[in-house]
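Quick one: sequence and predicted model below, then my questions.
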Amino acid sequence: MSSIYDTLNDMQKEAVFHTEGPLLILAGAGSGKTRVLTHRVAYLIEEKGVQPWNIMAITFTNKAAGEMKERVQNLVGFGSDQIWVSTFHSSCVRILRRYIDRLGYENHFTIYDTDDQKSLMKDVFKRLNVDTKVYKERNILAQISKAKNDFISPEQYAIDNQGDFSKKKVIECYKLYQEQLKNNNALDFDDLLVKTVELFENNKDVLEYYRERFKYIMVDEYQDTNTVQFKFISMLAKEHRNLCVVGDDDQSIYKFRGANIKNILNFESVFTDAHVIKLEQNYRSTQNILNAANEMIKNNTERKSKTLWTDRGDGEKITFKMVDFAQQEAEYVAESIKKYVENGKTFKECACLYRTNAQSRLLEEALMRKNIPYKIVGGINFYQRKEIKDILAYLKTVNNGVDDLAVRRIINVPKRGIGAASIDKIQEYADSRGISFYDAARDEKCLEYIGRSSAKVKSFVDLIQVLRTKNEFINVRELIDEITDVTGYVRELEAENTDESKERIANIEELLTKAVDYQLKAEKPSLNGFLEEVALVADIDSLDPESDYVVLMTVHSSKGLEFPNVYLCGMEDGLFPSYMSISSDDPLDIEEERRLCYVAITRAMDNLHISCAKQRMVRGEIQYGKMSRFLKEIPLELLDTGMKKAEPTEKRRVTRPTQASSARQIINSKAFEPRQFKVTKLTGLEYGEGDRVKHIKFGEGTVVSVAEGGRDFEVTVNFDKVGVKKMFASFAKLKKI
DNA sequence: CTCCTTTGTCTTTTT
DNA sequence: GACAAAGGAG
């Protein structure tokens, strides 16, 4: 009898069937870990009788969560919406919305992004008379973030760094920063985790509740978890101990954000009875690409040994191109993509990866010149744009009157003649009374105190009050319309009539679309819910698999993705690896860069192009770069430098650590041609489009479409009773009737 | 109070 | 080279 689990290899099966107790899955790049996770969820529900709501799966991005949800849905069908599949951050928000009042916050708290944090810190600096020549907001925030990621409170931080004079200011700032956050009823990203763990520590009943609820916990990208995140999941898993973590120590690339690689390296010593499974078979890339990745990553000392192999065959060599100027590199990439597509391929198969966001500009220009559709991920996020932040600040003000940051942002946007002097006076009044900025602005006595421009402040307050009243009756989209209309925000932009202002209007319109989307999607739409969703999206979440465009992004953003045709640009010493890591006295910094490079290489399925430029502009200065040291770690036989000097005999000397016989390679390489794939597979199904079929759970229905996906068929069926469902053919066990 | 010019800083990566 | 902060003129 066949089942969905037949399509898994032995190691994957072992991981899926091992359901009880701690489990560490070391999953190399492209080894099908998402398949393992989704099948494991299916197995728990279908075979072990676990209730869907007893399962929690944590991913890193919303995109990964969404994909996982969908794939689980296809496998399980029933009750899958009861499983918690979400990111660390949104899980925490969900918990905090319910219980944060126990920590003295209000449940409709706002979430501060990096820009908000900076503004708040600026304010803290002002209050503490911090010399901005000596201290930088970013730097202090980084230190605070580090403390938070290690779950160190301001009080503890003060004790730990008592004698350290250089930390004196940081201690003060951390304390006041945290107080201000609370006054504004706001949490920053790190707080979401910290406050949840705090909540668990101080409220045993809450912890008990979630422990009972999440009997089975799975964590994806485990190598990138930090100490608080580890605390969060280990607290939850303590009772039932069914904690399954999936990760790859070679892909740990978020140390700068507090990720603790020890979480994965020491998993077995913390959970002494942990079962460990290695997934080393790669289903994504050609052997040439894997060899390059393997050879390079070997140079790292801190890792669990692991060698990826595939039975896909050697494939194409990796092309390497060195040019004189960075512009030529971009030109070369664009030209190569153009040729690639002319050969019957698509744009969306291509991705350009780079170390820093700044590199995107040249590529963008080159692609534009050649009329190649593209999308840039990262850089300036949609929600970081001025006009969007302004509108959101209005929404926040309407939603949460104590978010001083939001109120101060918009009190004079668009210009109302309320200047810095008036704002300072209101703030002064608010501080002396211990009330919020907005409440001060509403106060009659405060208006008297301001003097001249008090009428303008009054009309601003009236405006907000009207919006608040209206908010009771209208939805988010209508509220945004109301705001842009009544403030004249859009009208002002229209009058400007420049390219820039037109783009801003378009962005506001896009925000409206997003509000409508939210309205339709959310179970219980609310202003608060909208703001929350908006705060937690990452740029990568917006990647649309349907649209045909080249994707441009940093290597960091590319983690977890795969593309048939990958361009790795700017492979120069000082850029990749970064100058910071080269000049660092910690040799482990360069290892992190090497892992990053490993991630980059392993994104490629069929073709990998590496390029570098001898000269490029960085920060308005010309930099002369040498070829990246990482490139020299790739065996020369794997590279095609385009100089035709490689003799054919060299081909056979390619290191091949696997047993894959050449006969098998030929068979397999053929199997990857789409046409053949279709023919062999289609004959295996007894039903097709339009046929009536029967499903064990869903009853009878009509087949809408059959699509090939991975190693299986994805069948879409419109069931008479439950509607349209997507599922895998081998699992659905549909019977033709 | 606002607009314009000058000055300084930043660049590694982001939920 | 871009962008924000600061300073100066109207």
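Great, that's in hand. Residues are numbered from 1 along each chain as shown, chains lettered A, B, ... in the order given.

And the closest residue to DNA strand B within chain A, its phi and psi?
Proximity of chain A to DNA strand B (Cβ to the nearest atom of the strand) peaks at residue A:419, 2.6 Å away. From N, CA and C alone the C-beta is placed, and that goes for glycine too. Phi and psi for residue A:419, reported as degrees, to the nearest 10, are phi -100, psi -180.

Give the full set of residues in contact with it.
By Cβ atoms under 8 Å, 6 or more residues apart in numbering, the residues touching residue A:419 are A:412, A:453.

if you average pLDDT over the strand ranked longest in chain A, what comes out?
Assignment by DSSP state E gives strand A:604-618 as the longest strand of chain A. Averaging pLDDT along strand A:604-618 gives 92.

Spell out which strands sit alongside that strand in the sheet and which way each one runs.
Next to strand A:604-618 in the sheet, as set by DSSP bridges, lie strand A:318-325 (parallel), strand A:563-568 (parallel), strand A:621-624 (antiparallel).

does any part of that strand sit near DNA strand B?
Yes. Residues of strand A:604-618 contacting DNA strand B under Cβ under 7 Å from any atom of the strand: residue A:618.

In whichever strand or helix holds residue A:90, which residues are buried?
Per DSSP states H and E, residue A:90 falls inside helix A:88-99. For helix A:88-99, burial by neighbour count (16 or more other Cβ atoms under 10 Å) applies to A:88-93, A:95-96, A:99.

What of stretch A:68-78?
By 16+ other Cβ under 10 Å, the buried positions in stretch A:68-78 come out as A:68-69, A:71-77.

what secondary structure does residue A:24 sit in?
strand (DSSP: H, G, I helix; E, B strand; the rest coil).

Columns mean pLDDT on top of the strands paired with strand A:604-618, output as TSV?
What follows is the strands paired with strand A:604-618, written out as TSV (pLDDT from 0 to 100):
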stretch	mean pLDDT
strand A:318-325	92
strand A:563-568	95
strand A:621-624	84
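
and of these, who's closest to residue A:13?
Evaluated with Cβ to Cβ, the strands paired with strand A:604-618 place strand A:563-568 nearest to residue A:13, the distance being 27.9 Å.

can that closest one be found next to DNA strand B?
No. Strand A:563-568 does not reach DNA strand B (Cβ under 7 Å from any atom of the strand); its nearest approach is 14.7 Å.

now that strand, how far from the centre of its chain.
Relative to its parent chain, strand A:563-568 has a centroid offset of 20 Å by Cα atoms, centre = their mean, to the nearest Å.

Also stretch A:416-427?
Relative to its chain's centre, stretch A:416-427 lies at 38 Å (Cα atoms, centre = their mean).

Does that stretch reach DNA strand C?
No. Using Cβ under 7 Å from any atom of the strand, stretch A:416-427 never reaches DNA strand C; the gap is at least 9.9 Å.

Do me a favour and average the pLDDT over that stretch.
The model assigns stretch A:416-427 a mean pLDDT of 86.

buried residues in it?
So stretch A:416-427, judged by 16+ other Cβ under 10 Å, has buried residues A:416, A:418, A:422-423, A:425-427.

and what of stretch A:404-415?
The neighbour-count criterion (16+ other Cβ under 10 Å) identifies A:404-413 as the buried residues of stretch A:404-415.

Take that stretch, keep the C-alpha atoms, and write them as PDB.
Below are the C-alpha coordinates for stretch A:404-415, written out as PDB (Å, rounded to 0.1, in the frame of the first residue of the first chain):
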ATOM      1  CA  ASP A 404       3.900  59.800  22.000                       C
ATOM      2  CA  LEU A 405       6.200  58.900  19.200                       C
ATOM      3  CA  ALA A 406       3.400  58.600  16.700                       C
ATOM      4  CA  VAL A 407       1.600  61.700  17.900                       C
ATOM      5  CA  ARG A 408       4.800  63.800  17.700                       C
ATOM      6  CA  ARG A 409       5.500  62.500  14.200                       C
ATOM      7  CA  ILE A 410       2.300  63.800  12.800                       C
ATOM      8  CA  ILE A 411       1.300  66.800  14.900                       C
ATOM      9  CA  ASN A 412       2.900  69.000  12.200                       C
ATOM     10  CA  VAL A 413       2.400  66.700   9.200                       C
ATOM     11  CA  PRO A 414       1.200  68.100   6.900                       C
ATOM     12  CA  LYS A 415       2.500  71.500   8.000                       C
END
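
contacts for it?
Applying Cβ under 8 Å, 6+ apart, the external contacts of stretch A:404-415 come out as A:110, A:112, A:116, A:119-120, A:123, A:183-184, A:186, A:389-390, A:392-394, A:396-397, A:400-401, A:418-419, A:423, A:427, A:430, A:436-438, A:441, A:457, A:460, A:487-489, A:492.

List the contacts of residue A:63.
Contacts of residue A:63 (Cβ under 8 Å, 6+ apart): A:538, A:540-541, A:543.

how near is it to residue A:530?
19 Å (Cβ to Cβ, to the nearest Å).

Likewise for residue A:316?
Applying Cβ to Cβ to residue A:316 and residue A:530 gives a distance of 47 Å.

Next, the buried residues of stretch A:351-362.
Neighbour-count burial for stretch A:351-362 [16+ other Cβ under 10 Å]: A:351-355, A:357, A:359-360, A:362.
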